[in-house]
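>>> No letters, just coordinates:
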């Protein structure tokens, strides 16, 4: 066998380990940043993808067509793609989103809970309506998503759930106290459910990013010198992560490559969780 043939065979064998061919995934908050990169890598791995988005958020980020562009990317990979707009600030919208994704894709094998909101405000200054908004979007909507998606996965004997957490679960930041508390609650929920669903072929894991360059923190990068200082002090790696680096971890946990992993909190933090500074 020629060397190039061996290289090709090896590449194909490796790809099969991380294949999501035939899988049907819903990625919430999938139009921008970490969610968008997860959508991209899932499509590259062969999955059909439903992309949840909130148009108001995308407009605020200056990307009003982000969801449509993400769908075109998925279809450009030869996979089915659909955009589903839903306001998780309203009760029932998350469950509706799962229902629409299931209908559009003919089922649902993978759920990634990436959509969330945060507001950097000192705890005592955080208004009641903003607290309620964060509770609804960052936690109650997660419960809705899981209650809607898990029965089908259990019935099929195969499923992957990945909740996107935060370094703030374990590394306090006073201006994000409520956000961090809700991320901790979400992780606890996934941890509890992982035990219940393990025997049914369903894995449930949490991925906790550290400082990652996203649309949400783009304002912090407007001052290059200040951003360089933020990065230097953020983790032992002394740099921010990229959204694409989170997507690789998501692929591991949502493909057959991660079939014996459940109930974990994967810290993708550049080492921040080690107690940096």
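Now that the structure is in, tell me what you want to look at. Just so we're clear, the structure is a prediction, and the values are computed from it rather than from any experiment.
>>> show me where the stretch 151-277 of the chain has helices.
177-197, 224-232, 243-254 (DSSP state H, counting those that start in this stretch).
>>> Highest mean neighbour count out of those helices?
helix 243-254 (a mean of 21; mean count of other CB atoms under 10 Å). C-betas here are computed from N, CA, C, even on glycine.
>>> which other residues reach that helix?
Residues from elsewhere that reach helix 243-254 (CB atoms under 8 Å, 6 or more residues apart in numbering): 18, 20, 23, 25, 33-34, 36-38, 40-42, 45, 110, 112, 160, 162, 164, 203, 205, 207, 209, 212-214, 257-258, 261, 266, 268.
>>> what kind of secondary structure is residue 84 in?
strand (DSSP: H, G, I helix; E, B strand; the rest coil).
>>> so it sits right up against residue 51, yeah?
Yes. With contacts counted by CB atoms under 8 Å, residue 84 reaches residue 51, the gap being 6.9 Å.
>>> Give me the more crowded residue out of the two.
Under the neighbour definition other CB atoms under 10 Å, residue 84 and residue 51 were set side by side, and residue 51 has more, 29 against 20.
>>> you'd agree the more buried one is in a strand?
Yes. According to three-state DSSP, residue 51 belongs to a strand.
>>> Test my guess that it contacts residue 86.
No. Here residue 51 lies out of contact with residue 86, judged by CB under 8 Å, at a distance of 10.9 Å.
>>> and residue 154, how many neighbours?
Number of residues near residue 154 (other CB under 10 Å) recorded here: 16.
>>> check contacts around it.
Contacts of residue 154 by CB under 8 Å, 6+ apart are 197, 200, 202.
>>> pLDDT score for it?
With respect to pLDDT, residue 154 scores 98.
>>> My reading is that residue 69 lies in a helix. Confirm?
Yes. According to three-state DSSP, the state of residue 69 is that of a helix.
>>> which residues sit in contact with it?
Neighbour list for residue 69: residue 31 [criterion: CB under 8 Å, 6+ apart].
>>> What distance do you get for it to residue 75?
11 Å (CB to CB, to the nearest Å).
>>> ok now do the residue most central in space within the chain, which residues does it touch?
Centroid-nearest residue in the chain: residue 114, 3.5 Å away (criterion: CA atoms, centre = their mean). If a contact means CB under 8 Å, 6+ apart, then residue 114 has 27, 28, 29, 30, 34, 35, 38, 164 as its contacts.
>>> Could you look up the SS state of the closest residue to the first one other than its chain neighbours?
Distance criterion CB to CB, 6 or more residues apart in numbering; nearest residue to residue 27, sequence neighbours excluded, is residue 112 at 4.5 Å. When classified by three-state DSSP, residue 112 comes out as strand.
>>> Quick check: beta-bridge partners of residue 112?
Per DSSP bridges, the residues bridged to residue 112 are residue 27, residue 162.
>>> how about it, what does it touch?
Counting by CB under 8 Å, 6+ apart, residue 112 touches 25-28, 30, 35, 38, 161-164, 250, 254.
>>> hmm, which of the residues you listed are the buried ones?
25-28, 30, 35, 38, 161-164, 250, 254 (16 or more other CB atoms under 10 Å).
>>> Need the residues you listed in a markdown table (columns: distance to residue 153).
Shown next, in a markdown table, are those (distance: CB to CB, whole Å):
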| residue | distance to residue 153 |
| --- | --- |
| 25 | 12 |
| 26 | 11 |
| 27 | 15 |
| 28 | 16 |
| 30 | 19 |
| 35 | 20 |
| 38 | 18 |
| 161 | 8 |
| 162 | 12 |
| 163 | 14 |
| 164 | 18 |
| 250 | 17 |
| 254 | 12 |
